[in-house]
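Novice: Show me the folded form of this:
(chains A and B)
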Amino acid sequence: MSTTPLAMIEIRAVTKRFGRFAAVDRVSLTVRAGEFITLLGPSGCGKTTLLRLLAGFETPDEGQILLDGMEVSHLPPYRRNVNQVFQSYALFPHLTVRENVGFGLRMKNVPAADAGPRIRDALAMVSLDEMADRFPHQLSGGQRQRVALARAIVCRPKVLLLDEPLSALDAKLRHTMQLELKHLHKKLGLTFVFVTHDQEEALTMSDRIAVINRGQIEQLGDASEIYHKPRTAFAADFIGQANLLNVTVTGRNGTTARVRLDNGLELTVAAAGLPATAKSALVSIRPEKICISKQRMDSENVFAAHIEEEIFRGATDQLRLVTEQGTKLNALVANESAMQEAFHEGDRVWCGLHLDDVVIVQTD
Amino acid sequence: MSAVPAATELAPTDSRRPGWRAWALLAPMVLWLLAFVVVPTAILLVYSFCERDEVGGVIFTFTWENYHRVFDPVYLRIFVRSVYYAGLTTVICVVLGYPVAYYIARASVERRNQLLLLVMVPFWTSFLIRTYAWITILKQDGLLNGLLLSMNFITEPLGLLYTPTAVVIGLVYAYLPFMILPIYGSAEKLDNSLIEAAHDLGAGPVRAFSSVIVPLTMPGIAAGTLLVFVPAIGMFAITDLMGGAKVPMIGNVIQNQFLQARDWPFGAALGVIFMLMFALTYVILQSRGARHAT
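Specialist: Now for the predicted structure:
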């Protein structure tokens, strides 16, 4: 196997077992230098274990991990040029902010004359210059988060590992920090490996997302690809909302095909990726892709439905539709302004669906 | 203990101010402390300024004579020796106890309980019986000498018993659990991610230990030091039994003044000085602890 010069991290068929349970199961992944990659998955999927393997807190049972072309699989964390931002921040309570940030430099025996300016720069980078002499318990959650970040970047690691660093912050602060992290990533040009279970966070921040489930990477791609073209039912369901429907192929016509839902509704879909006629498949339809109107519209797929339930969600309205055939679908519409049609429970509406918005996620 | 001073800091209208129920709950303890700590200490203080009559009675006068005697070189030497043995005991207890406590704290929960039980098993037997057991181990024809002789490590039995070494062995044995338990207490609370963070930032095992683990378990070490040093310095049973009364420590001297010598005022003065030493040790440890906390 040859290493591309730009690969910062190469994970080659790595397996990590705890007892008989494989937390990470033959995972391979290459991360480019300077990339912001997110490991996304539910709790217990193995994303944190994968991060810990990169940090060196765990060693792989099988496979190899290369960091900037060098095999590090069995190197202890203190010999790897990576730094981690911990979920709990793990700030040293007996040290001031300055001493916390300087800890890594002290361990690497950086002379004080060098360390001083570097600590100042790192603190300035996270706008905490004023807080240098405080202790962690005197800071707010967001400030602690920044200290943890400054402490990790001051050592100029090749890779910055972030273990759900925003999960303890409130929603507003989380959004601010998301953007700040993204800016920091641009400014530093470091490779970021970000672990989260929050799909929105993943979509907002990452260059690429690895969707992880049961110790394996289900799908790897950029945010738009992951969102619009989920390749598995899990990926479709975990990221955003999805209507997952069983269909049977009834016929083909060039590049399009007809499929029938279990209870009779027929749809026209793109033929690519569909199994042969009479075979079944699982398709995903994003709720916001269903176009709703009181008037019958012109589209590949048009069907009538009535609104069974309306849930107000602020900027959007979530509608539970039931088609004439009895198929239940979730739809999402922008919350109406006075200029638009309003939809309410019990209304009869027309639904339109573009054939490309029906994504095949699983075939038999 | 802090409940009483804290109460005075509350505003009179504060609804959290302890009412009669709180005082009723505290009363037994307050009475106990009053009767068995405050009053005896006051008596001791009064006696320390009194004189002794020929038959060992106490003449109520006021004299500094007893305190002058305390600073006699004979007694100062015993004080210094006591501090030295108790200090040595404390240091050995830290060195032996820390790894044990740390290991127990890092073990799995069920294993932790088993190991803690083992630490406390000695308390099931009387302290005196355990000390006599050490005598049979260390004496001239005891177990240790027998073992070493039969293995040809030594040709002559070692004279271990009735030496300072025996006293320190006895003290370390007696007080080791009091060092292990508080260190365990603080090591158990130590967040593992802090140790990982230290490693992550380039600290090898030794530096992670010295710059993160030790500072964060310092409260346990300080508490253990207090729990070992203070009783060890006043211990008289072990020095009597294992030191053969040849290496008296301050506890023996005080015991002697009250019993054999029947010089209660002088014993009281020794006791007062002794208590002031504890208070000083405590204040020093507290202020260091407070510095760490802020």
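
Novice: pretty sure B:Leu227 is touching B:Pro177, no?
Specialist: No: using C-beta atoms under 8 Å as the test, B:Leu227 is too far from B:Pro177 to be in contact (9.3 Å). Backbone N, C-alpha and C define where each C-beta goes, glycine included.

Novice: Comparing the two, which residue is more hemmed in?
Specialist: The neighbour count for B:Leu227 versus B:Pro177, taken as other C-beta atoms under 10 Å in any protein chain shown, is higher for B:Pro177 (21 against 18).

Novice: Not including adjacent chain positions, what is the nearest residue to the more buried one?
Specialist: Distance criterion C-beta to C-beta, 6 or more residues apart in numbering or on different chains; nearest residue to B:Pro177, sequence neighbours excluded, is B:Val119 at 5.2 Å.

Novice: From chain A, how far off is the one you found?
Specialist: Here the criterion is C-beta to the nearest C-beta, to the nearest Å. By it, B:Val119 lies 27 Å from chain A.

Novice: what's that residue in contact with, if anything?
Specialist: Applying C-beta atoms under 8 Å, 6 or more residues apart in numbering or on different chains, we find B:Val119 in contact with B:100, B:104, B:177, B:180-181.

Novice: Helix or strand: which one has it?
Specialist: Using DSSP states H and E, B:Val119 maps to helix B:109-120.

Novice: residues of that helix that come out buried?
Specialist: Neighbour counts over helix B:109-120 (16 or more other C-beta atoms under 10 Å in any protein chain shown) mark B:112, B:115-116, B:119 as buried.

Novice: Which helix or strand lies directly C-terminal to that helix?
Specialist: Sequence-wise, the next helix or strand downstream of helix B:109-120 (DSSP H and E) is helix B:127-138.

Novice: can you tell me how far B:Arg207 sits from A:Asn213?
Specialist: 39 Å (C-beta to C-beta, to the nearest Å).

Novice: Low-confidence stretches in the stretch 1-150 of chain B?
Specialist: The model of the stretch 1-150 of chain B has pLDDT under 70 over residues B:1-17.

Novice: go again using 90 as the cut-off
Specialist: Applying pLDDT under 90 to the stretch 1-150 of chain B flags the ranges B:1-24, B:52-63, B:70-72, B:74-76, B:78-83, B:122-123, B:125-128, B:131, B:138-146, B:148-150.

Novice: next one: the stretch 151-300 of chain A
Specialist: For the stretch 151-300 of chain A (pLDDT under 90), the answer is A:167-174, A:176-177, A:200, A:204, A:237, A:239-242, A:251-256, A:262-266, A:270-281, A:293-300.

Novice: got the residues of it near chain B?
Specialist: A:151-152, A:155 (C-beta under 8 Å from any C-beta of the partner chain).

Novice: Of these, which is the most crowded?
Specialist: Highest neighbour count within these, by other C-beta under 10 Å: A:Arg151, with 33 neighbours.

Novice: Three-state assignment for it, please.
Specialist: State at A:Arg151, reduced to three classes by DSSP: H, G, I helix; E, B strand; the rest coil: helix.

Novice: you'd agree it is up against A:Val101?
Specialist: Yes: between A:Arg151 and A:Val101 a contact is recorded at 4.8 Å, counting by C-beta under 8 Å.

Novice: Which neighbours do the two have in common?
Specialist: Common neighbours of A:Arg151 and A:Val101 (C-beta under 8 Å, 6+ apart) are A:Ala122.

Novice: Share the number of residues neighbouring residue 249, please.
Specialist: Unless you meant another one, I'm taking chain A. For A:Val249, the count of nearby residues is 20 (other C-beta under 10 Å).

Novice: meant chain B actually
Specialist: Using other C-beta under 10 Å, B:Met249 is surrounded by 27 other residues.

Novice: ok, and the closest non-adjacent residue to it?
Specialist: Counting by C-beta to C-beta, 6+ apart, the residue nearest B:Met249 is B:Ser82, at 4.2 Å.

Novice: Which helix or strand contains that neighbour?
Specialist: Here B:Ser82 is assigned to helix B:73-106, by DSSP H and E.

Novice: Can you tell me how far the residue located most distally from the centre of chain A is from B:Ala105?
Specialist: Centroid-distance maximum for chain A: A:Ala113 at 40.6 Å, with C-alpha atoms, centre = their mean. Per C-beta to C-beta, A:Ala113 is found 39 Å from B:Ala105.

Novice: so what's the one residue sitting closest to the centre of chain B up against?
Specialist: What sits nearest the mean C-alpha location of chain B, by C-alpha atoms, centre = their mean, is B:Val228, with 2.8 Å. By C-beta under 8 Å, 6+ apart, the contact set of B:Val228 is B:86, B:89-90, B:93, B:175, B:178-179.
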